[in-house]
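> predicted structure and sequence below. I'll ask about it afterward.
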Amino acid sequence: MSKPINPTAIGAFTVGALALLITGVLMFGGGQFLNTDKARFVVYFDTSLNGLDIGAPVKMQGVKIGEVTEISIQLDPKTIKAYKPVVVEIDRNSLTGVGGIKFPTAMTHAQQVTNRDNLVKAGFRARLETQSLLTGLLYVDIDVHRDKPPVFVNLDYKGLVEFPGIPKTTDELRNTAEEVAKKLRALPLDQIIQDFAESLKEIKAILASDDVKKSREALAKTLEGMDKTVSTLNRNLEPMLKDTNKTIQNTNLLMEDSRAMVRDVHQDIKPILASADKTLAAATAALNRAEQSMANVSDAIGPESALNETLASLKDASRSIKELTDYLERHPESLISGKDN
């Protein structure tokens, strides 16, 4: 006869199973369901994702801040274009402000968009880079690329905020090489080579012509004549330069003698000028006294008298002496060379 089922044992078994289930979720799920310090974005890369796996690191300027959690592919039925959304999960604990202050947690979609826009405005873009050349594995690098405009696909993928992605460095190099190759293929290379060959033939024919040979011979003769002329000039110029140097030296000596003579004349004329000044002062005083006397006897002597004429002549003589003295003081060399007319 079987025992009856114990409800207590069933309840204990059920609670234990739930506890094991929760423990497994926390262990194998990394606690992502309870962790609110994770920020998830979607990035669309317009390139091959070969080498990018789930769990690949996400780095910002070489520092790991998260990992890739999801990779998928979408086809647009209208344009038959493939889009490759890559979901990246960023650990907010890896990003702190100055002094270790944590950034505020963006709980709403609008706050996440604001945070994304601030990063994009600062120049941050997402790009695939190679982890190792041997393995070919890729990782997501978030770095500053202000010269690359942000491009958004604007597709809704699970309600996640889109972060702009740019092509890989190797893709840019390949695209540049393809553009150069296209431009080279567009050039008429056959015609260019043919024209160049014809130009070389013409140049060769010109160099082998009689006119060029005659020109080379004439040029050689001209150069030979120029050499002879230069040699002759060198022989003739040497004595001329010696005579010129002697002439310059004699001229310098003559100028020094002239300056010395002018200094001597200037020193000798100083006493003469001083004596002339004294004579002029005495004559002026006598003239003043004579004029005063004439004023006293003006009734006895008329304006047409001889004494009046004598005084006028004495006054003119005094003025002439003063002008002569002033001129000699300004031009002492005139005692030797005479007054210029």
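Yep, that arrived. Numbers count the residues shown, from 1 in each chain.
> give me phi/psi at G165?
Note on G165: its backbone torsions stand at phi -120, psi 150 [degrees, to the nearest 10].
> what about it, distance to I54?
17 Å (CB to CB, to the nearest Å). Quick note: C-beta positions are derived from backbone N, CA and C, even for glycine.
> among those two, which residue is more densely surrounded?
Shown here are G165 and I54; by other CB atoms under 10 Å, G165 has more neighbours (25 against 11).
> surely the more buried one and F41 touch.
No - look at G165 against F41 with CB atoms under 8 Å: they stay out of range, at 10.2 Å.
> and the strands in this protein?
38-44, 57-60, 63-71, 74-76, 81-83, 85-91, 124-130, 138-144, 161-162 (DSSP state E).
> can I get those in JSON lines including mean neighbour count, mean pLDDT and distance to I248?
As requested, the strands of the chain are exported to JSON lines (neighbours: other CB atoms under 10 Å; pLDDT from 0 to 100; distance: least, CB to CB, whole Å):
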{"stretch": "strand 38-44", "mean neighbour count": "20", "mean pLDDT": "91", "distance to I248": "87"}
{"stretch": "strand 57-60", "mean neighbour count": "20", "mean pLDDT": "93", "distance to I248": "80"}
{"stretch": "strand 63-71", "mean neighbour count": "17", "mean pLDDT": "93", "distance to I248": "80"}
{"stretch": "strand 74-76", "mean neighbour count": "11", "mean pLDDT": "86", "distance to I248": "96"}
{"stretch": "strand 81-83", "mean neighbour count": "12", "mean pLDDT": "90", "distance to I248": "92"}
{"stretch": "strand 85-91", "mean neighbour count": "19", "mean pLDDT": "93", "distance to I248": "88"}
{"stretch": "strand 124-130", "mean neighbour count": "20", "mean pLDDT": "92", "distance to I248": "78"}
{"stretch": "strand 138-144", "mean neighbour count": "20", "mean pLDDT": "93", "distance to I248": "72"}
{"stretch": "strand 161-162", "mean neighbour count": "19", "mean pLDDT": "94", "distance to I248": "89"}
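> how about the ones you listed in TSV, adding distance to A110?
Shown next, in TSV, are the strands of the chain (distance: least, CB to CB, whole Å):
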stretch	distance to A110
strand 38-44	14
strand 57-60	23
strand 63-71	21
strand 74-76	25
strand 81-83	24
strand 85-91	18
strand 124-130	19
strand 138-144	21
strand 161-162	10
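> K214: which of those strands is closest?
Distance to K214, taken as CB to CB, is lowest for strand 124-130 among the strands of the chain, at 67.4 Å.
> contacts for that closest one?
The contact list for strand 124-130 (CB atoms under 8 Å, 6 or more residues apart in numbering) reads 43, 45, 47, 49, 51-52, 60, 88, 136-145, 148, 150, 163-170.
> T325: how many residues sit nearby?
Count around T325 with other CB under 10 Å applied: 18.
> list the contacts of D143.
D143 neighbours (CB under 8 Å, 6+ apart): 60-61, 124-125, 127.
> I'd like to know how far Y157 sits from M255.
Distance from Y157 to M255, counting by CB to CB: 100 Å.
> compare the two (neighbour count), which wins?
Y157 (18 against 10).
> just to revisit the earlier point, looking at the strands of the chain, which is closest to K278?
Among the strands of the chain, strand 138-144 sits nearest to K278 (CB to CB), with 96.1 Å.
> identify the residue nearest I73 in space, chain neighbours excluded?
Residue nearest to I73 in three dimensions, not counting chain neighbours: K84, with 5.3 Å by CB to CB, 6 or more residues apart in numbering.
> give me the number of neighbouring residues for the one you found.
By the criterion of other CB under 10 Å, K84 has 18 neighbours.
> same question, T47
If we define neighbours as other CB under 10 Å, then T47 has 16 of them.
> again, but for K158
Neighbour tally, K158, other CB under 10 Å: 10.
> between the strands of the chain, which gets nearest to A186?
strand 81-83 (27.6 Å).
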